[in-house]
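Visitor: Show me how the following folds:
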Amino acid sequence: MRSHSVITGIGPISSLGVGPDAFWESLQSGSHAISPIESFDARGFRVRAAGEVRDIKIRDFVPKSYRKATKVMARDTELAVIAAKAAADDAGLKTRGSEDSDEGFEIQPARVGCQIGAGLIAAETEELARAVVTSQDDDGRFSMRKWGTENEGESGMNNLPPLWLLKYLPNMLACHVTIIHGLEGPSNTIMGAEASALLSIGESARVIERGSADMCFTGGAESRINPLGLIRWDYAGRLAPIDIDDNPADICKPYDSGSKGGLLGEAGGMLVIESESHAKNRGARAYARITGFGAAQTPRPYIPGSSALRTHDDIERGLSASMTLAMREANKRPEEIDAIFALGLGQPVLDGMELGAIREALGNPATIPPIVSLAHRTGNTMAAHAGLMTAAGALCLKNQSLPASSVVYGDPTPRNPLRTVMICSPSLGGQSGALVLESCN
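Guide: Got it, this is the predicted structure:
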């Protein structure tokens with residue numbers, strides 16, 4: 001990049017904690033944040049525990065004038081809004097979403113963009129059920145005629161809530177964040193499964209680089225902890241059965257052939273990034289500098305349980321290419337990477353492909369840097385996950401510490417000083433991204 005962006009605000013909202021301080025304390029403590037699902041009755045599901053975010057109310061994170069709009073926010077949107085508020089506060093910003101008494105740097109709306117990674121938002125089963133029960137035929141089976149409105153249809157679908165569609169469009173995350181904070185610069189929504197947040201952060205850095213904005217709200221948010229989301233991800237073969245009494249540490253073991261599979265979580269992983277000159281001029285604290293970004297696509301992504309045969313020797317080519325591109329742009333040699341923050345879902349074949357890509361991108365060295373993963377502690381938080389990993393990487397650089405409990409592969413002892421880390425992620429759909437962060441110390 002010709003001009004660098006710096007991370008000046010982080011808003012990690014996950015089962016490990018709400019806000020940067022709680023998140024960092026949990027990273028250091030080594031605690032697992034997987035527990036029995038409470039948001040709905042998970043009896044009858046193979047997966048009965050996940051990484052839930054608890055004890056938060058969306059009304060506490062929006063201006064009083066905006067609280068009515070929270071009624072049409074899906075869980076994913078709530079997480080994005082809360083995480084964006086945390087990141088803005090951490091960056092010391094005063095936006096349209098701030099209280100009149102709040103102090104901070106008053107943003108220039110037209111110079112602030114917003115790029116957020118999102119997933120396929122699952123509809124609430126209760127809302128769907130109200131409409132579906134009015135669309136049954138005389139035998140109690142679902143009838144398209146009773147559901148629809150054409151050709152003498154009886155319009156069961158009209159029993160959906162009036163603003164139903166506006167609740168579940170993926171761009172609603174960025175929509176609400178931009179309205180609340182008054183962000184009038186370039187805005188975008190990127191859907192790339194686990195790579196979503198990373199691709200969004202890269203896009204934000206490009207927006208700032210080309211001079212279209214001075215700063216951006218960026219990252220991702222998603223929740224799959226609902227009946228439809230849980231079933232979909234279980235059928236995709238990425239989850240291990242886990243009961244309420246199981247120890248999650250015995251289930252998900254990243255880069256371990258004995259791992260039983262992945263876990264599920266929900267999160268918001270949002271950042272505030274800005275041009276280095278803008279941050280310096282306003283006296284902002286910088287966690288880390290973004291110096292390289294790369295993205296690529298794997299033509300035939302592997303889905304566990306599919307007919308496509310893959311082995312531990314297969315390599316996630318898109319991820320390898322992304323890492324190579326990111327290092328090239330950052331002008332970094334593989335031996336200069338001090339730590340890697342990777343997906344590490346605990347699904348053995350996927351982990352093997354990911355590890356193969358890391359080795360290939362680094363030139364197949366005898367040893368590789370420590371690999372940090374969060375998925376065994378938070379669950380796979382999908383579109384939010386790379387946002388959480390980037391927040392963790394920035395905190396590690398700022399504090400010059402690598403939490404040993406999060407190092408899942410390689411020597412847990414970090415290099416001293418800790419100068420450069422890489423965040424990387426493949427995804428279910430084959431999209432991949434990589435980001436190089438450097439210390440500002």
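
Visitor: per the record, what domains does the protein have?
Guide: According to automatic domain parsing, the chain comprises the domains 5-124+164-281, 125-159, 291-439.

Visitor: and I13, what element?
Guide: strand 5-14 (DSSP states H and E).

Visitor: Determine the set of other helices and strands touching the helix or strand just after that strand.
Guide: Once strand 5-14 ends, the next helix or strand along the chain (criterion: DSSP H and E) is strand 17-18. In terms of contact count using 3 or more CB pairs under 8 Å, 6 or more residues apart in numbering; DSSP states H and E, strand 17-18 is assigned the packing partners helix 20-29. No exception for glycine: its C-beta is placed from N, CA and C like everyone else's.

Visitor: Doesn't V436 lie inside a strand?
Guide: Yes - under DSSP: H, G, I helix; E, B strand; the rest coil, V436 falls within a strand.

Visitor: State the number of residues packed around N281.
Guide: Neighbourhood size, N281 [other CB atoms under 10 Å]: 11.

Visitor: For it, give me its contacts.
Guide: With contact set as CB atoms under 8 Å, 6 or more residues apart in numbering, N281 has no partners.

Visitor: Quick check: beta-bridge partners of L264?
Guide: N380 (DSSP bridges).

Visitor: ok, back up a step: need the domains of the chain in JSON lines with mean pLDDT, can you?
Guide: Shown next, in JSON lines, are those (pLDDT from 0 to 100):
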{"stretch": "domain 5-124+164-281", "mean pLDDT": "93"}
{"stretch": "domain 125-159", "mean pLDDT": "82"}
{"stretch": "domain 291-439", "mean pLDDT": "90"}
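
Visitor: ok, which stretches of the protein are helices?
Guide: 20-29, 75-90, 125-132, 144-147, 164-168, 172-181, 196-209, 227-235, 248-251, 276-281, 317-330, 348-361, 375-378, 385-399 (DSSP state H).

Visitor: Please point out which parts of the fourth one sit buried.
Guide: What it means is helix 144-147. Residues of helix 144-147 classed as buried by neighbour count (16 or more other CB atoms under 10 Å): 146-147.

Visitor: So what's the gap between it and the chain middle?
Guide: 37 Å (CA atoms, centre = their mean, to the nearest Å).

Visitor: Run a quick neighbour tally on A110.
Guide: If we define neighbours as other CB under 10 Å, then A110 has 12 of them.

Visitor: Quick one: residues contacting it.
Guide: 184-185.

Visitor: distance of the residue nearest to L395 when sequence neighbours are not counted from G17?
Guide: Distance criterion CB to CB, 6 or more residues apart in numbering; nearest residue to L395, sequence neighbours excluded, is W24 at 5.2 Å. The spacing between W24 and G17, counted by CB to CB, to the nearest Å, is 8 Å.
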